[in-house]
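[1] Need the 3D shape of this:
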Amino acid sequence: MSDKKQWRIAVLPGDGIGPEVMAQACRALDALEKSCGLTVERVEYDWPSHAYHERHGRSAPEGYLDTLAGFDAILLGALGDPGPTSNPGRYLLSDADSLAPLLEIRKGFDQWACERPCRPLPGAPRYLSDSRAEDIDMLVIRENSEGEYVGQGGRLAAGTSREIVTQTSVFTRTGTERIFRHAFLQAQRRARLRREAGQPRSFRKADGSEAPAQVCLVTKRNALKFWGEMYTEVFEQIAADYPEVAVHHELVDAACMKFVTSPWAFDVVVASNLHGDILTDLAAVLNGGMGVAPSCNLNPADRRKPPMFEPTHGSAPDIAGQNLAGPTAMLLTTAMMLDWMAVEDPAAGDAARRLRDAVAADLAEQGGQRRTTADTGDAVLARLG
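    Just a heads-up that it's a prediction; the model follows:
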């Protein structure tokens, strides 16, 4: 694949603290362009957002997905309550309406995989006292296109004593196969990177032998029979193609418990849309909280479709507009975007490493200190040189 030197990025600051943290990410990209030979054309839009909806009666213009299709990647700040919460009369949409563009973008570009890494950095808040928590290094992969979030169902006789509600989940073999295969490929990649870094891990296989990687499937097959059986069968079939990877299964309630009691035992975790949504937020807390947790939504099978990179946190309306939001998650999300670009552009790989190292060094030195958004951005920029 030839090197790609020119990138087009759609910048969507969004609501609440989104514009504040996005400003710091853009400052970092400016610095990295100069120092790493990276060429990025950024176009910023004021949609989707509450402000745009208030002016136009919709969160984004008609055909906005066609506009985004012309970019290589999408960098999103946050969507949700714009704040401030001290203003009870602020223009406020329902959660379903304000977050609808997220689902539209994910579905529109078939971003069927959501990835959220969990590897706590020194200086980040730590909520587990066990010293082994320092060794947490897992990747949670959420099926992002079907399952519980297909929006199928309805309400009959709404608001009456006769009301009936249906909410249907839809799972396909195609969607299941591709997310599982992606999980195994990521497990292989992570094992290779650990080996090259001289930090291999070992996981016990069913036959008692050791493997350098593991994939854990999460279901609720004891209660949700049909979906659970298909997930289990397809997982076993895909796993047969990767005999060097250990496999594991957890029911979602047990997985939540073990994420708290022994998260260091996991490597790659793959789950349905709903279960993955829950587990990735729990993993974000293990990572140090929403304020330090990056995330991406992508189509691993088709790089022509723009992925969307967004921090795990929401719009934080309680501190919006006050220069108090920590931009760490946004900066680490930007590094994830650069990692994705690095497949085609070595300069982006160098930029990703530099940005991640700068954020990690700042967090290690200043973690726990109360700083403004701009102060944190200044500190990271100073480390970028």
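
[2] what are the ranges of the strands in this protein?
    In the chain, the segments counted as strands under DSSP state E are 6-14, 39-44, 73-78, 113-118, 138-143, 147-156, 164-170, 203-204, 210-211, 213-219, 245-251, 268-271, 296-298, 308-309.

[3] Once you drop chain neighbours, what's closest to T372?
    Closest residue in space to T372, ignoring its immediate chain neighbours: N323 at 4.6 Å, by CB to CB, 6 or more residues apart in numbering. Yep, even glycine has a C-beta here, placed from its N, CA and C like the rest.

[4] What residues does that neighbour make contact with?
    Going by CB atoms under 8 Å, 6 or more residues apart in numbering, N323 touches E20, T372, T373, A374.

[5] Which members of these occur in helices, if any?
    Among these, DSSP state H puts E20, T373, A374 in helices.

[6] list the contacts for R356?
    L332, A335.

[7] so what pLDDT did it get?
    If you check R356, the pLDDT there is 97.

[8] what's around the closest residue in space to P200 that isn't next to it in sequence, how many residues?
    In space, and not counting its chain neighbours, P200 is closest to R194: 5.3 Å by CB to CB, 6+ apart. R194 has 16 neighbours, counted by other CB atoms under 10 Å.

[9] wait, isn't R194 in contact with R201?
    Yes: under the criterion of CB atoms under 8 Å, R194 makes contact with R201 at 6.0 Å.

[10] who touches both of the two?
    What both R194 and R201 touch, as defined by CB under 8 Å, 6+ apart, is the set P212.

[11] quick one: the closest residue in space to L32 that isn't next to it in sequence and V269, what's the gap?
    Nearest residue to L32, sequence neighbours excluded (CB to CB, 6+ apart): A351, at 4.1 Å. Remark: distance between A351 and V269 (CB to CB, to the nearest Å) = 28 Å.

[12] got it, and R119?
    With distances taken as CB to CB, R119 is found 13 Å from V269.

[13] Quick one: low-confidence residue ranges for the stretch 201-350 of the chain.
    Along the stretch 201-350 of the chain, the model assigns pLDDT under 70 to no residue.

[14] quick one, what contacts the spatially most central residue of the chain?
    Closest residue to the average C-alpha location of the chain: S295 at 2.0 Å, with CA atoms, centre = their mean. By CB under 8 Å, 6+ apart, the contact list for S295 reads C114, E115, R116, T280, F309, E310, P311, T312, T333, M336.

[15] can I get those in a markdown table with neighbour count?
    Shown next, in a markdown table, are the contacts of S295 (neighbours: other CB atoms under 10 Å):
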| residue | neighbour count |
| --- | --- |
| C114 | 24 |
| E115 | 24 |
| R116 | 23 |
| T280 | 23 |
| F309 | 26 |
| E310 | 26 |
| P311 | 31 |
| T312 | 22 |
| T333 | 26 |
| M336 | 23 |
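
[16] Just name the closest of those to R8, please.
    Nearest to R8, judged by CB to CB, of these is F309 at 14.1 Å.

[17] do you know how far that closest one is from E41?
    F309 is 16 Å from E41, by CB to CB.

[18] Compare neighbour counts for R119 and V269 and give me the winner.
    Legend: neighbour count by other CB under 10 Å for R119 and V269, higher for V269 (28 against 14).

[19] I figured that one was touching I141, is that so?
    Yes: under the criterion of CB under 8 Å, V269 makes contact with I141 at 6.8 Å.

[20] how far off strand 113-118 does the longest helix that the chain contains point, in degrees?
    In the chain, assigned by DSSP H, the helix with the most residues is helix 173-196. Going by axes from the mean of the first three to the mean of the last three CA atoms, to 10 degrees, helix 173-196 is angled at 30 degrees with respect to strand 113-118.

[21] pLDDT score for G368?
    81.

[22] what's the closest non-adjacent residue to it?
    Excluding its sequence neighbours, the residue lying closest to G368 (CB to CB, 6+ apart) is G123, at 6.9 Å.

[23] Wait, the one you found touches L363, no?
    Yes: contact criterion CB under 8 Å: G123 and L363 qualify, at 3.9 Å.

[24] Between the two, which has more neighbouring residues?
    The neighbour comparison of G123 against L363 (other CB under 10 Å) goes to L363, with 24 against 20.

[25] And the residue nearest to I238 when sequence neighbours are not counted, how far from F203?
    With CB to CB, 6+ apart as the criterion, I238 has its nearest non-adjacent residue at 4.4 Å, and that residue is F180. Distance of F180 to F203, computed by CB to CB: 17 Å.

[26] which residues touch the residue nearest to L32?
    L32, S35, C36, L38, L338.

[27] What residues are bridge-paired with E250?
    V218 (DSSP bridges).

[28] tell me, how many neighbours does it end up with?
    E250 has 19 nearby residues by other CB under 10 Å.

[29] is it true that it touches R221?
    No: in this structure, E250 is not within contact of R221 by CB under 8 Å, at 10.5 Å.

[30] Common neighbours of those two, please.
    Common contact partners of E250 and R221 (CB under 8 Å, 6+ apart): none.

[31] picking that back up, for the residue nearest to G368, what are its contacts?
    L363, A364, E365, Q366, G367, G368.

[32] if you set the cut-off to 7 Å instead, what comes out?
    L363, A364, E365, G367, G368 (CB atoms under 7 Å, 6 or more residues apart in numbering).

[33] Which of the residues in stretch 14-34 are classified as buried?
    14-29, 31-33 (16 or more other CB atoms under 10 Å).
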